[in-house]
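*Asks:* Here is a sequence together with a model predicted from it:
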Amino acid sequence: MSHGIDAFYAAAAAAPERGLGQLDPAFQRALAEYHLGLTAEACEFHHAAVLPDGRVLAGAWDLRGHEDAYLGGLDVAGRRVLELGAANGGLTWHMARAGARVVAFDVPPCRTLELVPHPGVDLARVAAASTQSVARIRGGWWFLRRALGLEAAAVYGDFSALPSDLGEFDVAVFGLLLLHLSNPFRALQQAATVTREAIVVTDVAQAAEAPVAQMAGFQYAAAFAAPMVFAPTRPPAGIFHWWGLSAGAVAHMLSLLGFGETRITTHRPERMPDAPDLFTVVAMRTSGTVAMPTVRAADAAAPAAGPEVAREEAASDGLPLPPPWARLLTSGTDDPEVFLRLGARAHAALLDSLAVAGTEPRMLGRILDFGCGAGRVMRYWHGFEGVELHGSDIVGDAVAWAAGALPFARFATNPLAGPLGYEDGMFGLVYALSVFTHLPVAMQRPWMMELLRVLRPGGLLYLTTHGDYYVRHLGDEQRRAFARGEPVVVEAARAGSNWCGAYHPPSWMERLIASCDAERVEFVARGARGNPEQDSWLVRKRG
């Protein structure tokens, strides 16, 4: 049987299409038999593990008790998970215990990770030694599977060319893998094509993250300033370390692949005080699968086709499309279709909520789009009669673009901490879509009061928040605080940016609204159709 497994992967190395069928139950049984009889002493444990008899198997990484933070707080219970770079299963068995259906993907037998060439280093000798080490680590995965009595499947192959018969997954997880791959983007792209909901990437935080880049007024940490640094250290460690990745670089790559809603956390395993800091990016899908383009040599130097250029300049409504950075700012992706679709859905949801309050747009007089960005929603007010439209945002270049492209509305900038440059009682409607989701707690009530100030008595405030659905993004302690009715904020120091994330228990929102002398008209859990899965609130100013 061992000979058959070796022959299978030898053939798959020569022709990847011959690596299909690994999830067949019979093949999984053959893999288990291939690794049968291994003792702990014959294996290598990259991750520490505890056996049923209490014996601890030491590993280079001890993630015990830290697994949830390592996964960015994402709940994997009941989900089908693709774990890339499983090693001996430090995360595999944690996720299996949590109720996930895990497929662990790793380097095949007789192979090792890609090696970085160094002058004077005998790569053949290093490859032979590391292949043996990888085999012992892989054996550790199967040893623990049997010892712990847990179920998970294992598939082996090329991270840049996943077998085409794996099926779809809810979640893909990269644990300290991308720095070992010569083409990390290709590996992310492969995972993106088979992942429906979320991709989680954990890697080593860089000692000196690139400074926040200023691009057209849009702050996007590290991704534009230094996406990746080719920085292998001296051998032997540098043989396996291709890249130094910033969290912003990973988030940006994932946004290009349709996973534009990201949350970033930093952490260090509690049992490893001397370990480097880690970051975890949890990226939720915001658009459809993005295929890797195939470029023919004859097309490489060809200019962009006319229709594509036109698509960048104007949409079907005749209004200009904002530049990619501005679409990314408000939609989590620079995809024009996503930008337009989410804007239309947000506007429709707002109109539906106004109808519940018995209000028609023509009854509102003046309308303020607070946090307007480049007019993602404002463009859908074009043609409404009887309303005077205003937009305000902290990103000056987004406001400048909107002012030039959408002349039917008036635009202004506002300071992060306020106040707004409008008179008391000026508006019949103010809406703030995914704005309070990026404010620390100390700013929540002052901004609620400021928005109510510029509303006339009886005027309406519509806003969206991260409610119960988003608890899955939080760590254990944060979830407990949320369950107690306390708001939770991550990256509060980056207030007003996409990096700052605020999570609002509905009960806390009710108290906030009441404390501002306002009344809730409507609450819809996950009702913000243009800001998917956010809660929507319609509030009326008393008086």
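*Replies:* Sure thing, it's come through.
*Asks:* who touches Leu31 in this structure?
*Replies:* Contact partners of Leu31, counting by Cβ atoms under 8 Å, 6 or more residues apart in numbering, are Ile5, Gln22, Trp142, Ala154. Just so you know, the C-beta spots here come from the backbone N, C-alpha and C atoms, and that holds for glycine as well.
*Asks:* Could you tell me which of those residues belong to strands?
*Replies:* Among the contacts of Leu31, DSSP state E puts Ala154 in strands.
*Asks:* And the contacts of Leu31, which is closest to Leu368?
*Replies:* Ala154 (55.6 Å; Cβ to Cβ).
*Asks:* for the closest one, what are its contacts?
*Replies:* Taking Cβ under 8 Å, 6+ apart, we find Ala154 in contact with Gln22, Gln28, Leu31, Ala86, Val103, Ala104, Phe105, Asp106, Trp141, Trp142.
*Asks:* quick one: which of those has the most company?
*Replies:* Ala86 (29 neighbours; other Cβ atoms under 10 Å).
*Asks:* To what extent is Pro117 buried, counted in neighbours?
*Replies:* Neighbours of Pro117 (other Cβ under 10 Å): 8.
*Asks:* Quick check, it in contact with Ala127.
*Replies:* No: judged on Cβ atoms under 8 Å, Pro117 makes no contact with Ala127 at a distance of 11.3 Å.
*Asks:* farthest pair in the contacts of Leu31?
*Replies:* Gln22 and Trp142 (14.1 Å).
*Asks:* and the helix or strand containing Val399, what does it pack onto?
*Replies:* Here Val399, judged by DSSP states H and E, is contained in helix 396-405. The contact analysis (3 or more Cβ pairs under 8 Å, 6 or more residues apart in numbering; DSSP states H and E) places helix 396-405 against helix 324-331, strand 388-393, strand 410-413.
*Asks:* Quick one, which of those gets closest to Pro505.
*Replies:* helix 324-331 (25.4 Å).
*Asks:* which element follows that closest one toward the C-terminus?
*Replies:* With secondary structure assigned by DSSP H and E, helix 324-331 is succeeded by helix 336-356.
*Asks:* thinking again about what came up before, which ones among the contacts of Leu31 map onto helices?
*Replies:* Ile5, Trp142 (DSSP state H).
*Asks:* Switch the contacts of Ala154 over to JSON lines; also include distance to Ala346.
*Replies:* Output for the contacts of Ala154, formatted as JSON lines (distance: Cβ to Cβ, whole Å):
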{"residue": "Gln22", "distance to Ala346": "43"}
{"residue": "Gln28", "distance to Ala346": "46"}
{"residue": "Leu31", "distance to Ala346": "49"}
{"residue": "Ala86", "distance to Ala346": "40"}
{"residue": "Val103", "distance to Ala346": "36"}
{"residue": "Ala104", "distance to Ala346": "39"}
{"residue": "Phe105", "distance to Ala346": "37"}
{"residue": "Asp106", "distance to Ala346": "42"}
{"residue": "Trp141", "distance to Ala346": "45"}
{"residue": "Trp142", "distance to Ala346": "49"}
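*Asks:* and the residues you listed as TSV, adding pLDDT and distance to Ala135?
*Replies:* Output for the contacts of Ala154, formatted as TSV (pLDDT from 0 to 100; distance: Cβ to Cβ, whole Å):
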residue	pLDDT	distance to Ala135
Gln22	94	17
Gln28	93	18
Leu31	91	13
Ala86	97	14
Val103	98	20
Ala104	98	15
Phe105	98	16
Asp106	97	11
Trp141	98	11
Trp142	97	11
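*Asks:* So which of the residues you listed are in strands?
*Replies:* Val103, Ala104, Phe105, Asp106.
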